[in-house]
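Trainee: any chance you could fold what I've pasted below:
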Amino acid sequence: QLQLAESGGGLVQPRGSLRLSCAVSGPPANDWHIGWFLQVPGKEREGVACIHTHDSRTYYASDVQGRATISRQNTANTAMVYLQMNNLKPEDTANYFCVARRGSCFVRPEVWGQGTLVTVSS
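Mentor: Model (predicted):
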């Protein structure tokens, strides 16, 4: 079974930067498109970014376009996916989840990580 483990969350000041990491393990990680969702308490989860597995095409939500970069390193059966976020704003405060999909970055995620909390505050 595919497993996703996020790390890198924490407290950061406004206009600061943060890099989130997602360790992908289990069935060949190269079969999965990996992305990030966020969730603010009381609100629905929202897609942030996604990267295709083979050609590394990337997609971003409009709210983070230009401030976020998703990247991926594949090995034989695992992968590391990173979300670099710059110029963070208080409204970026949320739980960030690593997700995995097959088919494309636009289908419903099949696998979710546990999440990592990002707090943007002075």
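
Trainee: and the strands in the chain, which stretches?
Mentor: Using DSSP state E, the strands of the chain run over 3-7, 10-12, 18-25, 33-39, 46-51, 58-60, 68-74, 79-85, 94-101, 111-112, 116-120.

Trainee: what separates the fifth one from the chain centre, distance-wise?
Mentor: Counting by Cα atoms, centre = their mean, to the nearest Å, strand 46-51 is centred 6 Å from the centre of its parent chain.

Trainee: neighbouring strands - and their directions - for that strand?
Mentor: strand 33-39 (antiparallel), strand 58-60 (antiparallel) (DSSP bridges).

Trainee: just the first one next, same as before
Mentor: Under the criterion DSSP bridges, strand 3-7 sits next to strand 18-25 (antiparallel) in its sheet.

Trainee: give me the contact list for the partner strand.
Mentor: Residues from elsewhere that reach strand 18-25, judged by Cβ atoms under 8 Å, 6 or more residues apart in numbering: 2-10, 12, 32, 34, 36, 77-85, 88, 96, 98, 100, 113, 116, 118. C-beta coordinates here come from the backbone N, C-alpha and C atoms, glycine included.

Trainee: are any of those buried, and which?
Mentor: Taking 16 or more other Cβ atoms under 10 Å as the criterion, what is buried in the contacts of strand 18-25 is 2, 4, 6, 8-9, 12, 32, 34, 36, 79-83, 85, 88, 96, 98, 100, 113, 116, 118.
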